[in-house]
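Participant: Based on what follows, work out the 3D shape:
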Amino acid sequence: MNVGVAYADLEEQVWLKLEVPDGSTVQQVIEHSGILKRFPNIDLETQKVGIFGVIKKLTDGVTEGDRVEIYVPIDAEDNSAKRKLDDD
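Facilitator: Next comes the predicted model:
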């Protein structure tokens with residue numbers, strides 16, 4: 001089945017399209033995408049994941065057309081994201 005994986009940090013945004021076996025879980029899709037090698041700072045033990053903006057567990061299944069998202073933790077004390085937006 002065809003799915004996508006999305007991830008964005010302050011430096012880069014990535015949306016990958018890939019084909020995975022039917023019955024794949026969120027974690028299997030993420031691992032199959034290769035995004036963990038591209039972004040070694042991703043920590044699935046601590047970062048939330050979701051499908052189309054809805055928080056999911058790594059063990060949840062995906063369906064045709066789903067977009068698996070890996071969320072970056074927001075630090076309320078870190079104003080770098082706001083400063084970056086203000087600079088644009």
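Participant: For G34, report the pLDDT, please.
Facilitator: G34 carries a pLDDT value of 96.
Participant: Check the gap between it and V54 for me.
Facilitator: Counting by Cβ to Cβ, to the nearest Å, the separation of G34 from V54 is 24 Å. To be clear about C-beta, it is placed using only N, CA and C from the backbone, and glycine gets the same treatment.
Participant: With neighbour numbers in mind, choose between those two.
Facilitator: The neighbour comparison of G34 against V54 (other Cβ atoms under 10 Å) goes to G34, with 12 against 8.
Participant: Distance across stretch 42-62, terminal residue to terminal residue?
Facilitator: 20 Å (Cα to Cα, to the nearest Å).
Participant: Tell me how many other residues surround M1.
Facilitator: 15.
Participant: in a helix, that's where K37 is, yeah?
Facilitator: Yes. Judged by DSSP: H, G, I helix; E, B strand; the rest coil, K37 forms part of a helix.
Participant: so how far is G50 from it?
Facilitator: Distance, K37 to G50, using Cβ to Cβ: 21 Å.
Participant: who has more neighbours, the two?
Facilitator: Taking other Cβ under 10 Å, K37 and G50 do not tie; G50 has more neighbours (17 against 9).
Participant: For that one, name its beta-bridge partners.
Facilitator: I55, E69 (DSSP bridges).
Participant: Enumerate every residue touching it.
Facilitator: Shown in contact with G50 (Cβ atoms under 8 Å, 6 or more residues apart in numbering): K56, V68, E69, Y71.
Participant: likewise K17?
Facilitator: Contact analysis of K17 by Cβ under 8 Å, 6+ apart lists N2, V3, G4.
Participant: what do you get for L36?
Facilitator: Residues near L36 by Cβ under 8 Å, 6+ apart: I30, I42, L44.
Participant: For the first one, give its distance to V5.
Facilitator: Shown here: I30 relative to V5, a distance of 6 Å by Cβ to Cβ.
Participant: what sits in contact with each of the two?
Facilitator: Contacts common to I30 and V5, judged by Cβ under 8 Å, 6+ apart, are V68, I70.
Participant: And the pLDDT at the spatially closest residue to S24 that is not a sequence neighbour?
Facilitator: Nearest residue to S24 in three dimensions, chain neighbours excluded: V62, at 5.6 Å (Cβ to Cβ, 6 or more residues apart in numbering). On pLDDT, V62 comes in at 98.
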